[in-house]
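Novice: next one to model:
(one chain, ligands or ions: 2)
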Amino acid sequence: MSDGSVKQFKKEVKPVWCPGCGNYGVLSAVFQAFGRLDVPREDIVLVSGIGCSSRLPGYVNVYGFNSVHGRSLPIATGVKLAKPELTVVAVGGDGDALSIGGGHIPHIARRNVDITFLIMDNSIYALTKGQASPTTPFDDITTTSTYGTIDEPLDAVSLALAYGVSFVARGHSADVKHLASLIVEGIHHPGFALIHIISPCITWRGMKGYDEIKERTYYLDERHDPADKAQAVAVSLEKERLPLGIIYRERRPTYWERILGQREDAKSRGVPSIETLLNQFVP
Ligand SMILES: Cc1ncc(C[n+]2csc(CCOP(=O)(O)OP(=O)(O)O)c2C)c(N)n1
Ligand code: SF4
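Specialist: Ligands and ions are numbered 1, 2, ... in the order given. Down below sits the predicted model:
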């Protein structure tokens, strides 16, 4: 059983992220959150795609899977369904989550698989050297948009609400304590939890990321009711200052609960088990 300490989750391996990268804040929040879970290390799995942010599982002393670009969610789903008792957390960048991997979000949302997805959004493809990503703001200069981007950016929170994700939150890497609380809440939520994390890349987008975070965000207070979808959609559409905290939360059956329900239903109707069916073909 976990002794609740953060130290047990730290590895000897030192992160190779640039000094000042927002990913350090996310890593600290993950350490703090895991320390508060009361779940043994060997029952936690971190799954990522490819990118600077997707290196995170390599730095945490739990089971980790560094998969291929954009495929963390299908792999995390497989892990969770094979061993539902595990705590499964998927992590990755905005490119990984919303571009190449974007097609997986609606399906995990409608199935409500009980995993937590941390989208570390730095608005750039950082590992591959600064190309415009699906969340790069309009008109920004990047290595692939030297005259400014001409694409509108995607918003992870609005997408999550439209897809029917049952837990939607936003935090940022400069407020580790707040982010750790969101991660704990997301993991405790029975169902798919998507946490959008503003996590600046200082190398390809500069230090302005940190100054802008405080100016461009505000914390939701008790006037916000996360059970009210209309209110959640309304705050998600605010663009001048982005809301931070739990934006939406809904309890509905998880995929595993539905599987168990269907199994019980089949049993009560006398449908033979898989073992019985297989035994008919095995001499
Ligand atoms: C199938 C495939 N396509 C493209 C790549 C190249 N690639 C590696 S990481 C990456 C983008 C990383 O950006 P993001 O997911 O936003 O993460 P960040 O590095 O910014 O944390 C790309 C395009 C790849 N590895 N595999
Ligand atoms: S390139 Fe950007 S995202 Fe990657 S480690 Fe450096 S600061 Fe972080």
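Novice: show me where pLDDT drops low in the stretch 101-250 of the chain?
Specialist: 207-209 (pLDDT under 70).
Novice: again, 90 this time
Specialist: 206-212, 214 (pLDDT under 90).
Novice: near ligand 2, which residues of it?
Specialist: 122, 126, 201-204 (C-beta under 6 Å from any ligand atom). All C-beta spots, glycine's among them, are computed from the backbone N, C-alpha and C.
Novice: partner strands of the strand or helix carrying residue 218 and their direction?
Specialist: Residue 218 is part of strand 217-219 when elements are defined by DSSP states H and E. Sheet pairing of strand 217-219 (DSSP bridges) gives strand 242-249 (parallel).
Novice: show the subsequent helix or strand relative to the partner strand.
Specialist: Counting by DSSP H and E, the next helix or strand C-terminal to strand 242-249 is helix 255-268.
Novice: stretch 31-50 vs ligand 2: in contact?
Specialist: No: residues of stretch 31-50 are not located near ligand 2 by C-beta under 6 Å from any ligand atom, the shortest gap being 12.2 Å.
Novice: buried residues in that stretch?
Specialist: Judged by neighbour count using 16 or more other C-beta atoms under 10 Å, the buried positions of stretch 31-50 are 31-37, 39, 43-50.
Novice: equivalent analysis for stretch 75-82, please.
Specialist: Of the residues in stretch 75-82, 75-77, 79-80 count as buried by neighbour count, 16+ other C-beta under 10 Å.
Novice: with secondary structure, pLDDT and distance to residue 215 as new columns, can those residues be given to me in TSV?
Specialist: What follows is the buried residues of stretch 75-82, written out as TSV (DSSP: H, G, I helix; E, B strand; the rest coil; pLDDT from 0 to 100; distance: C-beta to C-beta, whole Å):
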residue	secondary structure	pLDDT	distance to residue 215
75	helix	98	37
76	helix	98	34
77	helix	98	37
79	helix	98	39
80	helix	98	38
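Novice: returning to that earlier point: from the buried residues of stretch 31-50, which single one is nearest ligand 1?
Specialist: Taking C-beta to the nearest ligand atom as the measure, ligand 1 sits nearest to residue 50 out of the buried residues of stretch 31-50, at 4.3 Å.
Novice: and the residue of the stretch 151-283 of the chain closest to ligand 1?
Specialist: Nearest residue of the stretch 151-283 of the chain to ligand 1 (C-beta to the nearest ligand atom) works out as residue 201 at 6.2 Å.
Novice: that residue: how many residues sit nearby?
Specialist: Neighbour count of residue 201, defined by other C-beta atoms under 10 Å: 27.
Novice: start at 30 instead
Specialist: In the new count, where the first residue is 30, that last one comes out as residue 230.
Novice: not counting its neighbours along the chain, what's nearest it?
Specialist: residue 151 (3.9 Å; C-beta to C-beta, 6 or more residues apart in numbering).
Novice: pretty sure that neighbour contacts residue 122?
Specialist: Yes: here residue 151 reaches residue 122: they are 6.6 Å apart, a contact under C-beta atoms under 8 Å.
Novice: what touches both of these two?
Specialist: When C-beta atoms under 8 Å, 6 or more residues apart in numbering defines a contact, the residues bordering residue 151 and residue 122 alike are 81-82.
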